[in-house]
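**Student:** build me a model:
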Amino acid sequence: MRIIELNPNPGSRARLVGYLHDIEKESMGNRVERPCVVVCPGGGFEILSPREADPPATAFFAKGYNVLTLYYSIRDEADDLRPLVDISLAIRTIRENAAEWSILPDKIAVCGFSAGGYVAAAAGTLWDHPKLKQRADLHSGQGRPDAMVLCYPVLSAGEFAHRGSIERLSSGLSEAEREAVFSLEQHVNSSTPPAFLWHTVEDATVPVENSLQFAAALQRARVPFECHIYQRGRHGMSMCTTEVGSPDPHLATWFPLCLEWLGEQFGFEY
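**Tutor:** Next up is the predicted model:
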């Protein structure tokens with residue numbers, strides 16, 4: 001394994017930590033270049049949860065993906081679209097270094113949890129937004145992911161918003177302005193990348209309607225997606241294992257389901 005670390009956005013303190021497979025052309029010639037997953041941990045833009053960083057990163061790595069974890073801007077540094085700039089420039093950086101890092105540049109997925117789900121989904125829905133282009137040197141979709149994995153994500157700034165997250169992102173804006181810019185379901189269109197979503201009905205922190213509304217928007221735009229709604233389970237279950245302190249064999253099925261879906265999207269056998 002090769003471990004790399006860099007700052008993808010000179011305008012922030014974001015960190016991108018990569019876990020890259022060693023290249024073994026003789027013994028593993030079918031695995032010289034690999035798809036990539038960018039993991040975005042949650043934490044309400046107040047913290048970056050360790051439970052949603054290394055555990056999913058190592059799980060994807062064990063299935064053959066090259067993985068990079070993005071520690072994006074939080075707290076007072078989360079306004080002015082900075083987390084979106086962080087992830088967009090991170091994806092651009094990965095594409096620019098794809099040959100050196102043995103990554104397939106057209107097979108980059110983002111995987112976000114809770115507030116990290118917002119960051120991941122924003123990369124897929126706002127990648128061509130004028131406000132983003134004003135803040136980052138992006139062209140030809142360099143910052144657009146090829147697939148999104150959204151785990152109990154914050155997505156809406158409307159009735160079902162996680163207020164703390166949206167307020168961190170949009171300080172100084174009116175309610176109408178917040179909803180117009182930051183309700184990601186309103187920005188889904190035919191150029192939005194395919195998505196895998198999972199959520200629980202019992203989530204008392206981020207209402208399940210965030211995923212339901214987003215899935216409905218994907219359906220209207222005819223964007224391929226898969227959405228799994230589980231009845232039981234609290235917010236922040238991560239990998240649903242003992243390692244992250246939330247063992248639940250039923251909810252843990254989200255990960256093998258995600259692997260099947262992502263493998264189909266990328267034509268990747270794990």
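**Student:** so where do the strands sit in the stretch 101-250 of the chain?
**Tutor:** Applying DSSP state E, counting those that start in this stretch to the stretch 101-250 of the chain gives strands spanning 103-113, 147-151, 195-200, 225-230.
**Student:** export those strands to JSON lines and tack on distance to E5, mean neighbour count and mean pLDDT?
**Tutor:** Just so you know, the C-beta spots here come from the backbone N, C-alpha and C atoms, and that holds for glycine as well. Shown next, in JSON lines, are the strands of the stretch 101-250 of the chain (distance: least, Cβ to Cβ, whole Å; neighbours: other Cβ atoms under 10 Å; pLDDT from 0 to 100):
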{"stretch": "strand 103-113", "distance to E5": "16", "mean neighbour count": "24", "mean pLDDT": "98"}
{"stretch": "strand 147-151", "distance to E5": "23", "mean neighbour count": "28", "mean pLDDT": "98"}
{"stretch": "strand 195-200", "distance to E5": "27", "mean neighbour count": "26", "mean pLDDT": "98"}
{"stretch": "strand 225-230", "distance to E5": "32", "mean neighbour count": "18", "mean pLDDT": "98"}
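**Student:** what would those strands look like in JSON lines with distance to V85?
**Tutor:** Formatted as JSON lines, the strands of the stretch 101-250 of the chain follow (distance: least, Cβ to Cβ, whole Å):
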{"stretch": "strand 103-113", "distance to V85": "14"}
{"stretch": "strand 147-151", "distance to V85": "18"}
{"stretch": "strand 195-200", "distance to V85": "21"}
{"stretch": "strand 225-230", "distance to V85": "25"}
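**Student:** out of these, which gets nearest to G124?
**Tutor:** Closest to G124 of the strands of the stretch 101-250 of the chain, according to Cβ to Cβ: strand 147-151, at 4.7 Å.
**Student:** contacting residues around that closest one?
**Tutor:** Outside strand 147-151, the residues within contact range by Cβ atoms under 8 Å, 6 or more residues apart in numbering are 37, 52, 107-114, 117, 120-121, 123-124, 193-198, 211, 214, 238, 254, 258, 262, 265-266.
**Student:** and with 6 Å instead?
**Tutor:** Residues from elsewhere that reach strand 147-151 (Cβ atoms under 6 Å, 6 or more residues apart in numbering): 109-111, 113, 117, 120-121, 124, 193-198, 258, 265.
**Student:** how about the residues you listed, which pair is most distant?
**Tutor:** Maximum distance among the contacts of strand 147-151 (Cβ to Cβ): 19.4 Å, for F113 and Q265.
**Student:** in the helix-or-strand element of the chain with minimal mean pLDDT, which residues are buried?
**Tutor:** Averaged element by element with mean pLDDT, DSSP states H and E, the chain has its least confident helix or strand at helix 175-182 (a mean of 78). For helix 175-182, burial by neighbour count (16 or more other Cβ atoms under 10 Å) applies to R178, E179, V181, F182.
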